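Okay, predicted coordinates and the sequence, questions at the end:
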Amino acid sequence: PGIRRLAEEALPVNLAISLHAATDDLRNRLVPINRRYPLDSLFDALRAYVRQTHRRVSFEYALIAGINDTREQALQLAARLKGFLGHVNLIPLNHTRGSPWKAPEGPAVEAFRDTLAQARIPVSVRLERGVEIGAACGQLRAQH
């Protein structure tokens with residue numbers, strides 16, 4: 001409902017969606033709000049947003065080794081985004097103390113990116129910034 005309201009506002013802002021998974025089963029684990037607004041519902045709202053605003057949607061996708069960095073997830077993501085006015089921003093997970101999750105190795109990140117690119121899905125890999133001082137995404141929260 002918030003995405004549909006945002007479209008009505010006609011604000012010159014860019015919408016970014018924390019996606020992190022291409023299937024409801026996995027996204028339910030990684031992004032609990034997905035249980036309330038599953039992917040089909042989310043994408044219905046996003047299609048309405050794009051139709052009304054003509055603005056591209058950015059999809060943030062934190063890559064987690066062995067969790068959501070598989071070829072199957074990349075192929076499912078490509079299928080879901082085919083023909084959609086959007087851009088995928090791949091973010092190798094920033095390690096945080098106490099977390100069992102890790103970032104995938106470079107070749108896995110490249111393979112995920114390449115799978116999307118071969119499907120003609122606009123994609124980029126975010127550069128790591130702030131990791132060395134504990135200020136990257138998720139790191140400050142883990143310290144407090």
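Sure thing, it's come through. Residues are numbered from 1 along each chain as shown.

Next, the buried residues of the helix or strand containing residue 51.
Assigned by DSSP states H and E, residue 51 belongs to helix 39-53. Neighbour-count burial for helix 39-53, with 16 or more other C-beta atoms under 10 Å as criterion, is recorded at 39, 42, 43, 45, 46, 49, 50, 53. All C-beta atoms are positioned from the backbone trio N, CA, C, and that covers glycine.

quick one: the closest residue to the first one other than its chain neighbours and residue 65, what's the gap?
In this structure, residue 39 finds its nearest non-sequential neighbour in residue 24, 5.4 Å apart by C-beta to C-beta, 6 or more residues apart in numbering. Counting by C-beta to C-beta, to the nearest Å, the gap between residue 24 and residue 65 amounts to 21 Å.

Residue 7 too?
36 Å.

Distance check, the spatially closest residue to residue 26 that is not a sequence neighbour against residue 47.
Spatially, and ignoring its direct neighbours in sequence, residue 26 is nearest to residue 68 (6.1 Å; C-beta to C-beta, 6+ apart). As judged by C-beta to C-beta, residue 68 and residue 47 stand 23 Å apart.

One more: residue 72?
Here the criterion is C-beta to C-beta. By it, residue 72 lies 24 Å from residue 47.

Please apply the same query to residue 35.
For residue 35, the distance to residue 47 - C-beta to C-beta - is 21 Å.

Okay, and the beta partners of residue 90?
Beta-bridge partners of residue 90, counted by DSSP bridges, are residue 61, residue 125.

number of nearby residues for it?
For residue 90, the count of nearby residues is 21 (other C-beta atoms under 10 Å).

Equivalent analysis for residue 74, please.
Neighbour number of residue 74 under other C-beta under 10 Å is 26.

got it, and residue 59?
24.

mind listing the helices for the protein?
2-9, 24-30, 39-53, 71-81, 106-118, 139-143 (DSSP state H).

Where does the prediction get shaky in the protein?
128-144 (pLDDT under 70).

again, only this time at 90
10, 94-100, 126-144 (pLDDT under 90).

residues contacting residue 71?
Residues near residue 71 by C-beta atoms under 8 Å, 6 or more residues apart in numbering: 111, 112, 115.

If we use 7 Å, what do you get?
Residues in contact with residue 71 (C-beta atoms under 7 Å, 6 or more residues apart in numbering) are 111, 115.
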